[in-house]
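# Mind folding the following:
(one chain, ligands or ions: 1)
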Amino acid sequence: MTPSAHFDLTPWNTFGMKAYADWGLAFDSLAELQQILLDDRWRNLPRLVLGGGSNILFTSDFSGLVLVNAMKGIDVTECDDAWSLHVAAGENWHQLVQWSLSQGMAGLENMALIPGSVGAAPVQNIGAYGVEVCRYCSYVDVWDLDLQQQLRIPAQECGFGYRESRFKQEWQHSRIITAVGFKLPKQWQAVTGYGPLRELGSQVTAQQIFNTVCQLRLEKLPQPEQLGNAGSFFKNPTVDAGKAAALQAEYPVMPAYPQADGSVKLAAGWLIERAGLKGLEMGRAAVHAQQALVLVNLGGAAAFEIVKLAKHVQQRVHEQFGIKLTPEVRFMGTTGEVTLDEACSCAD
Ligand SMILES: Cc1cc2nc3c(=O)[nH]c(=O)nc-3n(C[C@H](O)[C@H](O)[C@H](O)COP(=O)(O)OP(=O)(O)OC[C@H]3O[C@@H](n4cnc5c(N)ncnc54)[C@H](O)[C@@H]3O)c2cc1C
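Okay, here's the model as predicted:
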């Protein structure tokens, strides 16, 4: 297979942005990936690896090669106390959660219905309802472009943090994730400490958690097929204890979550709502009326409309609370990732 010219990125981003890449291809094997990367026609072009495009805002067309990871396959091995899953990067995340539960392997249920691919899950260490993927990830297999070889990176070396990993930063251009290893202990423990899951009680099953998480997400979050979006637009900010105490004195109902290192995590959605921005529409972009952390494409929005709204939200929250929100969504410019400020200056 060779890459197609003028590759339509519209089906490959959940914001529903109309954009094209100079070249693009969905690859389904390591051999195919290697062949393309060794070919002189493609090897020096700006490159972007995509799963489902559910964490990306294309701010322009992409002057380079887009590689959609479509590698499939799940292998399971078993020992006395755990199942080990080796999952190809192009598998769909939610389908993996569903399938593992159907096989009696519990653990991933709190992360049901997170859109996207298995290969992207370690990139921002996806998480929901009190569980992050790093809890069960044992290794990540990559194709290393500098060494021209496949490597297995143990989870401890991936630099996992809150919506962070080394794949997002230092390895962004040098390592393509081809598979992810998971270890699911047979001694399953429910994680129900988060929000409405608390009501499920102590006798809960993994399937009940899965069902509840799916129901909550379907009620709470706009579905990208109906209203383009990329989930939480900003990360929940962390502040020092002094700053948190000062804010709590002013806003006693403000949610605040003390962290092990003494810092305090705040809810970005609450800050946005409290700043009076919930439901705000600017052109064809809006802060979602039910979920203030999600910015949506009301239909036919241009990237600059989303970007300008995001900047406005960031500025207003900063003015009111003295906190600068960091985007969770990645902005893709003409030849690679750009910051919100860079995307904004291009939009002016
Ligand atoms: C409605 C909605 C709800 C969401 N809810 C959550 C949530 O609860 N929790 C959460 O954490 N996230 C959430 N997200 C964000 C998103 O689902 C995750 O970030 C997901 O992991 C992205 O997967 P993807 O395959 O679509 O990645 P893409 O958007 O295609 O890519 C994301 C980044 O990962 C890189 N990447 C992708 N695949 C590879 C690979 N194989 N090798 C190297 N780099 C790669 C890309 O280059 C890009 O930088 C939500 C998104 C939406 C639209």
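# so where's the longest helix in this structure?
When the chain is parsed with DSSP state H, its longest helix is helix 303-321.
# Walk me through which strands the helix or strand following that one pairs with, and which way each runs.
As assigned by DSSP states H and E, the chain's next helix or strand after helix 303-321 is strand 330-332. Taking DSSP bridges as the criterion, strand 330-332 forms sheet pairs with strand 56-58 (parallel), strand 337-338 (antiparallel).
# The helix or strand just after the first one - contacts with which helices or strands?
Sequence-wise, the next helix or strand downstream of strand 56-58 (DSSP H and E) is strand 62-69. If you count contacts as 3 or more CB pairs under 8 Å, 6 or more residues apart in numbering; DSSP states H and E, strand 62-69 packs onto strand 20-27, helix 30-38, strand 47-50, strand 175-185. Every C-beta, even on glycine, is put in place using the N, C-alpha and C of the backbone.
# So the protein: which segments form each domain?
4-69, 74-220, 238-328 (automatic domain parsing).
# can I get the ones you listed in TSV with mean neighbour count?
Converted to TSV, the domains of the chain look like this (neighbours: other CB atoms under 10 Å):
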stretch	mean neighbour count
domain 4-69	19
domain 74-220	17
domain 238-328	17
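# What I need now is those written out in TSV, including mean pLDDT for each item.
What follows is the domains of the chain, written out as TSV (pLDDT from 0 to 100):
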stretch	mean pLDDT
domain 4-69	96
domain 74-220	96
domain 238-328	97
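# Quick one: name the residues of the protein near the ligand.
14, 48-56, 69, 89, 114-117, 119-121, 123-124, 126-128, 167, 176-177, 221, 224, 229-231, 330 (CB under 6 Å from any ligand atom).
# If we use 5 Å, what do you get?
Within the chain, the positions near the ligand by CB under 5 Å from any ligand atom are 14, 49-56, 69, 89, 114-117, 119-120, 123-124, 126, 128, 176-177, 221, 224, 230-231, 330.
# Distance of the residue nearest the centre of the chain relative to A82?
Per CA atoms, centre = their mean, the C-alpha nearest to the average position across the chain is that of N55, at 4.9 Å. Distance of N55 to A82, given as CB to CB, to the nearest Å: 29 Å.
# In the stretch 201-348 of the chain, what residue lies closest to the ligand?
Closest residue of the stretch 201-348 of the chain to the ligand, CB to the nearest ligand atom: G231 (2.5 Å).
# That residue against V296, yeah?
No. The pair G231 / V296 is not scored as a contact, 10.7 Å apart, by CB atoms under 8 Å.
# got the end-to-end distance for stretch 12-22?
Counting by CA to CA, to the nearest Å, the length from the leading to the trailing residue of stretch 12-22 is 14 Å.
# all helices for this structure, in order.
30-38, 93-102, 206-220, 241-250, 268-274, 303-321, 340-347.
# Leaving out sequence neighbours, find the closest residue to G193.
G130 (5.5 Å; CB to CB, 6 or more residues apart in numbering).
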